[in-house]
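Engineer: I'd like to go over a predicted model; first the sequence, then the structure.
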Amino acid sequence: MRIVFHLSFVKSVINKDGKQDVITKPQSKVNQASDSVNNSNSVEKTMELVHIKSVDNIIELSQYLNDTQIKLQAELRSTDWFNRQIKSKGRFKRLLNGENAQLNDIPSFSQIINRTSLSFCGAVAISRHCVLTCAHCFKSNDAEDIEVRIGGIRIFRGNIFNVKKIIKHYTDDIALVFTKEEIFEEYIIKLSKRRERKDEKLTFYGYGITSFENGRPILPIILQKTNITILPFTVQEKEALFATTGTMMRGDSGAPLVWREFGGEVVGGLYKAEASIQDGRLELHLFMRVSTYKSWIEKTIYKEINLILLFLRFKKNIERRTVILY
């Protein structure tokens, strides 16, 4: 998924009273910027979208469409369900600026695969029967053609777990995939309890597309890892999104961003989309913040696991009665 941002250029200036104001130069009118900084209406509108601080250089981005040139516009161009037949494994290449990962680096990494189309997304195992990923990885909640692979660092390899149920968040791009088979405890990673920290260096894992040859996506054979840094950008009205550096591509959706908490590694983000200023001068990548959904995740898992246990008990009682009858 790629988001293209059309953003006004913004800078801060010092007015006659010695105070800092903010003026905007819409991209379509870069050469027609006004020299006046006394227009309070213009300043108010700009401040609705962007706040620039000389120290932190924090920019707040609005993801909602608006007719004014001051507001940000976003265009969703594609999803991560890409090429339907990926066969040339010998021609797969590495993720840009990445390196081969070892299995003990992130045993919780999971592959979400559509058996019919060979579509692919990343994920991470978070409980004995559940993996966490992005909702846009599924065209529907039909689990019949979906399988999860865990415990391997080669693409389309690892232990197979059949899918029992897919539950998408009611408003946001996050989903839980429940497996029929039990996931080994050593494959499970904990959820982050905090927000990302500015300039914090983190590790991302994925199999994202590096290029195309004759219309066919080129993927790495081995799971890739790369260090990325949190950027000081936030998206207005989408508090759960945060931005990073990196070279992630389609196929990385749902893949985990990992950092350390309380002496151990946790999953702090799920890759959602690539974003850029319209002219391509600013590239960034957007992640879903896991801690924002921690309560929903835990409640949903608790509910589903209880239903599974209730079903197993009911099934056991039925089998007992059957044995007694015979």
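Structural biologist: Yep, it's here.
Engineer: need the strands for the stretch 51-200 of the chain, in chain order.
Structural biologist: Counting by DSSP state E, counting those that start in this stretch, the stretch 51-200 of the chain has strands at residues 59-62, 73-76, 99-100, 109-114, 120-127, 130-133, 146-150, 159-168, 175-179, 190-191.
Engineer: So which bits of the longest one are buried?
Structural biologist: Using 16 or more other CB atoms under 10 Å as the burial criterion, the residues of strand 159-168 that qualify are 161, 163, 165, 166, 167, 168. For every residue, glycine as well, the C-beta is placed using N, CA and C.
Engineer: What confidence value was assigned to residue 171?
Structural biologist: Residue 171 carries a pLDDT value of 90.
Engineer: Flag the shaky bits of the chain, pLDDT-wise.
Structural biologist: 1-97, 209-212, 217, 236-237, 247-251, 276-282, 308-309, 311-312, 314-326 (pLDDT under 70).
Engineer: what's the domain layout of it?
Structural biologist: The record's domain parsing of the chain by automatic domain parsing lists 2-76, 80-326.
Engineer: okay if I get the strands of the stretch 51-200 of the chain as JSON lines plus distance to residue 215?
Structural biologist: Formatted as JSON lines, the strands of the stretch 51-200 of the chain follow (distance: least, CB to CB, whole Å):
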{"stretch": "strand 59-62", "distance to residue 215": "33"}
{"stretch": "strand 73-76", "distance to residue 215": "22"}
{"stretch": "strand 99-100", "distance to residue 215": "27"}
{"stretch": "strand 109-114", "distance to residue 215": "19"}
{"stretch": "strand 120-127", "distance to residue 215": "17"}
{"stretch": "strand 130-133", "distance to residue 215": "26"}
{"stretch": "strand 146-150", "distance to residue 215": "25"}
{"stretch": "strand 159-168", "distance to residue 215": "29"}
{"stretch": "strand 175-179", "distance to residue 215": "29"}
{"stretch": "strand 190-191", "distance to residue 215": "38"}
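Engineer: Of those strands, which is nearest residue 225?
Structural biologist: strand 99-100 (6.2 Å; CB to CB).
Engineer: Which secondary structure elements does that closest one sit against?
Structural biologist: Under the contact definition 3 or more CB pairs under 8 Å, 6 or more residues apart in numbering; DSSP states H and E, strand 99-100 sits against strand 224-236.
Engineer: which secondary structure elements does the following helix or strand past the strand it packs on contact?
Structural biologist: Counting by DSSP states H and E, the next helix or strand C-terminal to strand 224-236 is strand 241-244. Packing partners of strand 241-244 (3+ CB pairs under 8 Å, 6+ apart): strand 224-236, strand 264-277, strand 283-289.
Engineer: Swap in 10 Å and give it another go.
Structural biologist: strand 59-62, strand 224-236, strand 264-277, strand 283-289 (3 or more CB pairs under 10 Å, 6 or more residues apart in numbering; DSSP states H and E).
Engineer: Excluding chain neighbours, what is closest to residue 233?
Structural biologist: residue 243 (4.1 Å; CB to CB, 6 or more residues apart in numbering).
Engineer: can you check residue 106 too?
Structural biologist: Nearest one to residue 106, counting by CB to CB, 6+ apart, is residue 205 at 5.2 Å.
Engineer: The one you found - that's part of a strand, no?
Structural biologist: Yes - under DSSP: H, G, I helix; E, B strand; the rest coil, residue 205 falls within a strand.
Engineer: quick one, what contacts it?
Structural biologist: 95, 98, 101, 105-106, 108-109, 122, 124, 153, 223-226, 252, 255-258, 267, 271 (CB atoms under 10 Å, 6 or more residues apart in numbering).
Engineer: same thing with residue 101?
Structural biologist: Applying CB under 10 Å, 6+ apart, the residues contacting residue 101 are 95, 109, 153, 203, 205, 206, 220, 222, 223, 224, 225, 226.
Engineer: ditto for residue 115
Structural biologist: 144, 145, 146, 147.
Engineer: The spatially closest residue to residue 239 that is not a sequence neighbour in helix, strand or coil?
Structural biologist: Nearest residue to residue 239, sequence neighbours excluded (CB to CB, 6+ apart): residue 292, at 7.0 Å. Assigned with three-state DSSP, residue 292 falls in the helix class.
Engineer: Provide a list of residues in contact with residue 292.
Structural biologist: Residue 292 neighbours (CB under 10 Å, 6+ apart): 172, 174, 192, 195, 239, 240, 241, 242, 269.
Engineer: ditto for residue 254
Structural biologist: Contacts of residue 254 by CB under 10 Å, 6+ apart are 80, 110-112, 120-124, 131-138, 173-175, 177, 206, 270-272, 288.
Engineer: that's a strand at it, yeah?
Structural biologist: No - assigned with three-state DSSP, residue 254 falls outside any strand and is coil.
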